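J.: How does the following fold in three dimensions:
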Amino acid sequence: MIFEEDFKKYLVRLNNLKEQLKDLTEEATKTALIMPFFSMLGYDVFDTTEFFPEFVCDFAVKKGEKIDYAVLKDGEPIMMIEVKRAGMKLQKQQQGQLYRYFSTNHCRIAILTNGVSYLFFSDLNSPNIMDDEPFLSFNLLEDDAAVYLSALEQFHKEKFSLKSVISKAVYQKYAKVVVKTLRQDLLSPSDEIVKYFLSRPEVKTGNRITTQMIEKYREVTRKAMLKVLGVTIEEPSTTFEGILETEDTADVSSLPQNVSPDFSISAHPLHRNGYQDTSVINDEKDKKVQELSVDDIAEEIIKVVIQVVINGKYQTEDTADCLKIHIYTMDNRKLGIVKIAKTDKSLQFRRIGDSTPYPLDTVAELSQYLIPSK
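T.: Residues are numbered from 1 along each chain as shown. Got it, this is the predicted structure:
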């Protein structure tokens, strides 16, 4: 409870600085954001025996290389922290320096942060080699804290256990693979899963399983799996263009304080019996993103949200470099964020609770990342 209260106070402080973040230098980011963050986690940021700035990480070809901070225990680093300025977007190429540092010692936790977004890495794939993907990531200003707060708390000084953190990270990695695979198979069953069911003794096809057979049974496999999950499917009697949208009124009493009640909610024939058939979207010829304006792209994305998420809600946020569309369920649970870059109109979706940002080549691709709802 104490940690949760400290965290809430830190979020209030961060939100008060929101308008200044883009102007902060890297040094100012460290002073205004990073040090208070780790202080909230119980570390004495002025005691170099446990929070060491400019920690030396020599490696074979270079000497005197330093990482911004190292959290120490008994003189050994247990966490390494690489800091970028608050206004800088964290990208994969920025992991290179942290990757090199990781191999110079026995530390198994590396953190890349700009004071708002935090990416936590380890060596789950190969010992002493930092993974390409973080096992935990969150954005303090955008993500629902309820999703990541318990995971963050395990890094508190009083609770930190490397064994526990790594163990949970391994399970989380496995769970992410399961979720991603199931999501893909629910939308379009893989050859492997169709072949598995065709090979069951109860089916008794009596024939060698061919590519043609797999294609023939792919759709019925999809529908059967959805039915087992308590969903029923009706074929839509109308096309995407023919859907009638009706406005409803949102119950905003349970919305987070930082979310505006300015939502659009729609219901339509594809939501019959608690399920929406996304094949209508995927079968539609998607418009070329580059030929549309940012506002037009946002409108197309909203159509997908309305199609795929039952009574889906959305909130737009206009920033200097992109337009964000925050996606919510009917009960105000945040699903994720779509970002439309204003410069090149590139699209990216990040699902709450999933550290991987997914680039979208077309608007219609968004549907595969929105899990069908009951």
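
J.: per-domain residue ranges of this protein.
T.: 2-167, 239-369 (automatic domain parsing).

J.: what mean pLDDT would you report for the biggest helix by length in the chain?
T.: Identified as the longest helix of the chain according to DSSP state H is helix 162-187. For helix 162-187, mean pLDDT is 84.

J.: Pull out the buried positions in that helix.
T.: Neighbour-count burial for helix 162-187 flags Val165, Ile166, Lys168, Ala169, Gln172, Lys173, Lys176, Asp185, Leu186, Leu187 (criterion: 16 or more other Cβ atoms under 10 Å). C-beta: built from backbone N, CA, C; applies to glycine.

J.: helices and strands around that helix, which ones?
T.: Applying 3 or more Cβ pairs under 8 Å, 6 or more residues apart in numbering; DSSP states H and E, one finds that helix 162-187 contacts helix 211-228.

J.: what comes up buried for the helix it packs on?
T.: Buried positions in helix 211-228, judged by neighbour count with 16+ other Cβ under 10 Å: Ile214, Tyr217, Thr221, Arg222, Met225, Leu226.

J.: which residues touch Leu292?
T.: The contact partners of Leu292, taken as Cβ atoms under 8 Å, 6 or more residues apart in numbering, are Glu300, Lys345.

J.: ok, back up a step: just put the buried residues of helix 162-187 in JSON lines and tack on distance to Gln93.
T.: Formatted as JSON lines, those follow (distance: Cβ to Cβ, whole Å):
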{"residue": "Val165", "distance to Gln93": "26"}
{"residue": "Ile166", "distance to Gln93": "26"}
{"residue": "Lys168", "distance to Gln93": "28"}
{"residue": "Ala169", "distance to Gln93": "23"}
{"residue": "Gln172", "distance to Gln93": "25"}
{"residue": "Lys173", "distance to Gln93": "23"}
{"residue": "Lys176", "distance to Gln93": "23"}
{"residue": "Asp185", "distance to Gln93": "32"}
{"residue": "Leu186", "distance to Gln93": "34"}
{"residue": "Leu187", "distance to Gln93": "31"}
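
J.: Pull the number of nearby residues for Asn332.
T.: 18 (other Cβ atoms under 10 Å).

J.: ranges for the helices of the stretch 51-200 of the chain?
T.: 95-102, 145-153, 162-187, 191-198 (DSSP state H, counting those that start in this stretch).

J.: Format those helices as CSV; extra columns: distance to Thr362.
T.: Listed next are the helices of the stretch 51-200 of the chain as CSV, based on distance: least, Cβ to Cβ, whole Å:
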stretch, distance to Thr362
helix 95-102, 28
helix 145-153, 28
helix 162-187, 15
helix 191-198, 23
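
J.: Ok, which of these comes nearest Asn332?
T.: If you check each of those against Asn332 by Cβ to Cβ, helix 145-153 wins as the nearest, at 11.8 Å.
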